[in-house]
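Undergrad: Sequence and predicted structure below; questions after.
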Amino acid sequence: MLLEIDVPASKAQITLAQHLIKRGAPNPDQVHDGMTRREVEAWIDEATKTVSLSRPAVTPPHLMNAKPRDQKLVYARDLAAYAGLEVPYDEAQAKHKDVADFIFQCRDELRRQGKPPNVPTGPASKGQRRRLRELGATLPEGATWGEAHEKLQELKKASEPATSSEEKDAEPAEKSAGAGEEATKS
């Protein structure tokens, strides 16, 4: 028989939890002094579902203050729209480092929202538009791939048959009511 011992959290676990809290992990109030290793481990597991542990790629010093490529600016703009964030910089004055950091922030926000963190940029695909038409929905002109993906997911959830516990509970009651009627007929 294995004894369960409440071992205090390690310094590394506490440091990691603090790092995740700074990055915007949910439920920071659940982290407190005196937590056991298992408690901190469970909290970290939940936190890493919404906040990435990885750091953005290190930008070489000679690129930090360089002007970002147009592709990078477009990608950041599309990602921000999908995440529902405002672009925090003037694109004409933006530095490569600013854009790279913002892209990382957008990806973290998308994880918090339960969306894929890497959304293809550009317009919605022909296939997405066709499928939306088939389902009776339309997209505004200039909609991104991410917006089309989100709309398709909403429509998919709405069209799935309901499997609530109320329906399951109602079925046995109907059967027993039907059995009672048959018994009174005999």
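TA: Alright, I've got the coordinates. Residues are numbered from 1 along each chain as shown.
Undergrad: and the gap between the spatially most central residue of the chain and Ala9?
TA: Compute the mean C-alpha point of the chain, and by Cα atoms, centre = their mean the closest residue is Gly114, 2.0 Å away. Between Gly114 and Ala9 the computed distance is 28 Å (Cβ to Cβ, to the nearest Å). C-beta here means a position set from N, CA and C on the backbone, and glycine is covered the same way.
Undergrad: for Asp90, same thing?
TA: In this view, Asp90 and Ala9 are 44 Å apart by Cβ to Cβ.
Undergrad: again with Val31
TA: Counting by Cβ to Cβ - Val31 and Ala9 are separated by 9 Å.
Undergrad: tell me which residues in stretch 30-46 are buried?
TA: Within stretch 30-46, the residues that count as buried by 16 or more other Cβ atoms under 10 Å are Val31, Met35, Glu39, Val40, Glu41, Trp43, Ile44.
Undergrad: again, but for stretch 88-95
TA: Within stretch 88-95, the residues that qualify as buried are Ala94, Lys95, counting by 16+ other Cβ under 10 Å.
Undergrad: got the domain boundaries for this structure?
TA: Listed by automatic domain parsing, the domain ranges of the chain are 11-47, 61-112, 126-158.
Undergrad: Same list, these, but as TSV with distance to Ile5 please.
TA: Formatted as TSV, the domains of the chain follow (distance: least, Cβ to Cβ, whole Å):
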stretch	distance to Ile5
domain 11-47	9
domain 61-112	34
domain 126-158	44
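Undergrad: follow-up on the earlier one: which of the buried residues of stretch 30-46 lies closest to Ile103?
TA: Top of the list for closeness to Ile103, among the buried residues of stretch 30-46 and by Cβ to Cβ, is Ile44 at 24.4 Å.
Undergrad: Relative to the whole chain's centre, how far out is the helix or strand hosting that closest one?
TA: For Ile44, the host element (DSSP states H and E) is helix 37-47. Distance of helix 37-47 from its chain centroid, counting by Cα atoms, centre = their mean, to the nearest Å, is 19 Å.
Undergrad: and it, what other elements does it pack with?
TA: The helices and strands touching helix 37-47, judged by 3 or more Cβ pairs under 8 Å, 6 or more residues apart in numbering; DSSP states H and E, are helix 11-22.
Undergrad: Report the angle between the helix it packs on and helix 37-47.
TA: Calculated by axes from the mean of the first three to the mean of the last three Cα atoms, to 10 degrees, helix 11-22 forms an angle of 30 degrees with helix 37-47.
Undergrad: For this structure, give me the ranges with low pLDDT.
TA: For the chain, applying pLDDT under 70 flags the ranges 1-4, 53-59, 118-122, 162-186.
Undergrad: related to what we said a few turns ago, can you pull the residues that touch both of Val31 and Ala9?
TA: When Cβ atoms under 8 Å, 6 or more residues apart in numbering defines a contact, the residues bordering Val31 and Ala9 alike are Ala17, Val40.
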